[in-house]
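1. Here is a sequence together with a model predicted from it:
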Amino acid sequence: MKIRKPLYEGDGILRSGPQNCDVELSNPDPAAAFLRRIILVRGATYTIDALETEAKAQALRAKTLVAYAARFWNWLGERIEKARQGREETYLGEAQNGSDLEQRLRKLEREAQPTYV
């Protein structure tokens, strides 16, 4: 499913944040000015920088996606390896006697070796 437009303006999950560019905008985004506000908490002033917060969120999202991708590839590799092992065990289990088993083992070993063309 592809979402082509954000659900609402300023949605950082569905729409990428501001892009870095060398051109200065003559009319800055009013949302950035709104989000850069000073909050007075118990006499101390704290500045909230929306661009810095969005950059941290993007870095965290990227780190999470990399972790999920690594877990997925590990899971996929394990599944492929288990499937290969199951096919080999079934093939070897069909051997009629010891010499047939040895012949099948040699065949699997030869197929596992890389061939260079």
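-> Structure's in. What do you need?

2. remind me, longest helix of the protein?
-> Identified as the longest helix of the chain according to DSSP state H is helix 50-93.

3. For that one, name the packing helices and strands.
-> If you count contacts as 3 or more C-beta pairs under 8 Å, 6 or more residues apart in numbering; DSSP states H and E, helix 50-93 packs onto helix 30-35, helix 98-112. Every C-beta, even on glycine, is put in place using the N, C-alpha and C of the backbone.

4. tell me which element A95 falls in.
-> Using DSSP states H and E, A95 maps to neither a helix nor a strand.

5. what's around the residue nearest to it when sequence neighbours are not counted, how many residues?
-> Closest residue in space to A95, ignoring its immediate chain neighbours: L101 at 3.9 Å, by C-beta to C-beta, 6 or more residues apart in numbering. Neighbours of L101 under the rule other C-beta atoms under 10 Å: 14.

6. And the average pLDDT for stretch 58-68 is what?
-> Across stretch 58-68, the average pLDDT comes to 94.

7. follow-up on the earlier one: tell me what angle the longest helix of the chain forms with helix 98-112.
-> 150 degrees (axes from the mean of the first three to the mean of the last three C-alpha atoms, to 10 degrees).
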